[in-house]
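Undergrad: Starting from these lines, generate the structure:
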Amino acid sequence: MPRLTLLFAMLSLFFLVLLVFFRSPFPLYPLMSWQDALGLLTPVALIPVYWAMYRRATARKSGGAADLAFMAFAAVWLLGHGMHLSANSIHNLVDAESQRGRLDLAGTDLYRLIYFYDEHLSHPVWYAGILALAGLLIAREASAPARIPAGRATVFAGVLYGFTLFCTFVEGQTVYLGLPFAALATLYTLRERRTLAQRPLAAFFGVAFLVALLLFAGWGLYWRGFPQFTDVKLI
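TA: Model (predicted):
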């Protein structure tokens, strides 16, 4: 499990954060960017790792309501990701064409609809799936813990994932979702701290949401709000 959480944290950092730096045209279809092309692999890389963590979370066999919940939450995750992938690709292309003076859709209903799908609908749906799966994995482990040692890799993975969550929710304009969940997850972790050494998923997500919560607090205090990284010219 510690290796799985580390793999999950590294994949999440790459696919949810670092892909933004791959905006050069994709050679096989230049209207797309490398960000778009690599983004197609995001669910292929992450959903199987979610499932592997879910299966190893307890000593129980699979089946029942928990499996149905996993499929439902994974479907929400996939719905939000797919919506964002296409809408963000079109949004980036429209903005690039506008900057070149070839096409200016600003102020039109078409642009407002693209922006709505990209920024206001896809992010909350996708990130709700992320939070729901995290909550399910923690609850699944707590119901029948397999008592796997957490280890240092779990803590390091939690720090990486906490940074990823912070970046994801700030840039996605969804701190209103991420911050309360991070606070609740941190309170839960503090309450269950005596058993964390044998509950790697609770330890992993506990560290992650604590790191995210601290970063949210620092960012909010510094900027007196939660502007996107693009708004303050950091990316």
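Undergrad: Kindly check the end-to-end length of stretch 107-118 for me.
TA: 16 Å (C-alpha to C-alpha, to the nearest Å).
Undergrad: For it, which residues meet the burial criterion?
TA: In terms of neighbour count (16 or more other C-beta atoms under 10 Å), stretch 107-118 has its buried residues at 111, 114-115, 117-118. For the C-beta atoms, the positions are set from N, CA and C on the backbone; glycine is no exception.
Undergrad: Provide the contact partners of the strand or helix carrying residue 186 at residue level.
TA: Secondary structure from DSSP states H and E places residue 186 in helix 175-191. Contact with helix 175-191 is made by 124, 127-128, 131, 134-135, 138, 165-166, 168-169, 196, 202-203, 205-207, 209-210, 212-213, 216, 220, 226, as judged by C-beta atoms under 8 Å, 6 or more residues apart in numbering.
Undergrad: go with 7 Å
TA: Helix 175-191 has contacts (C-beta atoms under 7 Å, 6 or more residues apart in numbering) with 124, 127-128, 131, 165, 169, 196, 202, 205-206, 209-210, 212-213, 216, 226.
Undergrad: Same question for stretch 34-53.
TA: Against stretch 34-53 from outside (C-beta under 7 Å, 6+ apart): 4-5, 7-8, 11-12, 15, 19-20, 22-24, 26, 74, 78, 81, 85, 89, 133, 137, 201.
Undergrad: Put the alpha carbons of that stretch into CSV.
TA: Extracted C-alpha coordinates of stretch 34-53, given in CSV (Å, rounded to 0.1, in the frame of the first residue of the first chain):
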residue,chain,number,x,y,z
TRP,A,34,0.6,17.8,-25.8
GLN,A,35,-1.5,18.7,-22.7
ASP,A,36,-4.6,17.5,-24.4
ALA,A,37,-3.0,14.4,-25.8
LEU,A,38,-1.4,13.3,-22.6
GLY,A,39,-4.6,14.3,-20.7
LEU,A,40,-6.4,11.4,-22.5
LEU,A,41,-4.3,9.1,-20.4
THR,A,42,-5.3,10.6,-17.1
PRO,A,43,-8.2,8.2,-16.2
VAL,A,44,-6.3,5.3,-17.7
ALA,A,45,-3.4,5.9,-15.3
LEU,A,46,-5.3,6.9,-12.2
ILE,A,47,-8.6,4.9,-12.0
PRO,A,48,-6.8,1.5,-11.9
VAL,A,49,-4.6,2.8,-9.0
TYR,A,50,-7.7,4.0,-7.2
TRP,A,51,-9.1,0.5,-7.7
ALA,A,52,-6.0,-1.2,-6.5
MET,A,53,-5.9,0.9,-3.3
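Undergrad: average pLDDT for the longest helix anywhere in the chain?
TA: As assigned by DSSP state H, the longest helix anywhere in the chain is helix 65-99. What helix 65-99 shows for mean pLDDT is 91.
Undergrad: That helix packs against which elements?
TA: Under the contact definition 3 or more C-beta pairs under 7 Å, 6 or more residues apart in numbering; DSSP states H and E, helix 65-99 sits against helix 34-39, helix 42-56, helix 109-115, helix 122-143.
Undergrad: Low-confidence stretches in this protein?
TA: Low-confidence segments of the chain, defined by pLDDT under 70: 58-63, 144-150, 235.
Undergrad: on that earlier part again, buried ones in whichever helix or strand comes after the helix holding residue 186?
TA: Sequence order places helix 200-223 as the next helix or strand after helix 175-191, per DSSP H and E. Residues of helix 200-223 classed as buried: 200-213, 215-216, 219 (neighbour count, 16+ other C-beta under 10 Å).
Undergrad: Repeat that for stretch 188-204.
TA: In stretch 188-204, counting by 16+ other C-beta under 10 Å, buried: 188-189, 196, 199-204.
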